[in-house]
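Student: fold the following and give me the result.
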Amino acid sequence: MALTQVAPRSYLTLVNDLWREVGAAGSPLTTTVNQTGEALRLVNWIHDAELDIQNLWVDWKWLRTTLSCFTPAGSNTGIFTTQGGAISAQPLDLAEWDYKTFQILPPGSSYYVPLAVKEWQEVRHEVFDLTDQAQPWRAIVMPNNTIRWDLTPDQSYPIQIEYRAQPYDLKADNDVSNIPPRFANRLIVEFARMKYGWFENAQEQIGLAQL
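Tutor: The predicted structure follows:
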């Protein structure tokens with residue numbers, strides 16, 4: 001028997017799953033936008049439950065992303081991304097860097113080598129010679145998560161870094177969570193059901209959600 005992949009359920013579908021599971025009043029929602037009363041609470045509970053799950057742990061595998069980029073030649077700040085060829089200080093969805101994964105590819109080599117990583121407060125009293133251009137040997141993570149290279153790169157060096165992405169924030173009816181759907185389809189609804197139970201003081205709903 002061929003295995004079928006679990007399809008992700010949209011924001012609106014998850015809200016209506018919650019509406020059906022808790023036996024809420026009214027009819028199924030046709031949109032998550034501009035709702036009021038209990039319908040708005042259902043929408044918010046699904047929205048908040050999805051974010052709560054993603055923020056439970058910092059090392060969820062689905063939030064890990066590998067960034068392949070280049071150092072900007074002649075500048076010791078920023079990274080040269082592969083997206084549109086634009087200079088960018090950091091990925092738009094960056095939550096935090098994984099310091100153990102910084103790697104650089106030396107000229108003529110087929111293998112990446114590790115880069116040392118320090119936070120700015122650890123090295124702020126050091127003297128940096130920004131006129132010395134060579135292959136960087138260390139990355140310095142600034143307080144705003146931007147990167148400064150030590151030394152100033154004399155060319156564009158390939159870089160690989162893993163980072164934790166920010167949780168995806170559901171907004172539109174057809175948005176889907178980046179939590180793997182085999183977990184998300186039920187887990188989000190059950191987390192939201194607990195919120196419903198706490199609000200309504202409905203212990204049976206909380207008990208069902210915890211099964």
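
Student: pull the longest helix from this protein.
Tutor: Determined from DSSP state H, the single longest helix within the chain is helix 181-200.

Student: so what touches it?
Tutor: By Cβ atoms under 8 Å, 6 or more residues apart in numbering, the residues outside helix 181-200 that reach it are 6-9, 14, 17-18, 21-22, 24, 41-42, 45-46, 48-50, 52-53, 176-177, 179, 202-206, 208-210. From N, CA and C alone the C-beta is placed, and that goes for glycine too.

Student: in terms of pLDDT, where does the nearest residue to residue 22 once chain neighbours are set aside sit?
Tutor: Of all residues not flanking residue 22 in the chain, residue 196 sits nearest, at 5.1 Å (Cβ to Cβ, 6 or more residues apart in numbering). Confidence at residue 196, expressed as pLDDT, is 86.

Student: measure how buried residue 196 is and give me the count.
Tutor: 22 (other Cβ atoms under 10 Å).

Student: where does this protein have low pLDDT?
Tutor: Counting by pLDDT under 70, the chain contains low-confidence residues at 1-4, 82-87, 127, 210-211.

Student: please, where are all the strands along it?
Tutor: 64-70, 79-81, 87-88, 94-97, 103-104, 113-114, 116-119, 133-134, 138-141, 147-150, 152-153, 158-165 (DSSP state E).

Student: save the ones you listed as CSV, and put in distance to residue 33 and mean neighbour count too.
Tutor: Listed next are the strands of the chain as CSV, based on distance: least, Cβ to Cβ, whole Å; neighbours: other Cβ atoms under 10 Å:
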stretch, distance to residue 33, mean neighbour count
strand 64-70, 29, 15
strand 79-81, 33, 19
strand 87-88, 32, 14
strand 94-97, 27, 17
strand 103-104, 44, 18
strand 113-114, 48, 10
strand 116-119, 41, 15
strand 133-134, 53, 13
strand 138-141, 38, 20
strand 147-150, 38, 22
strand 152-153, 47, 21
strand 158-165, 25, 19
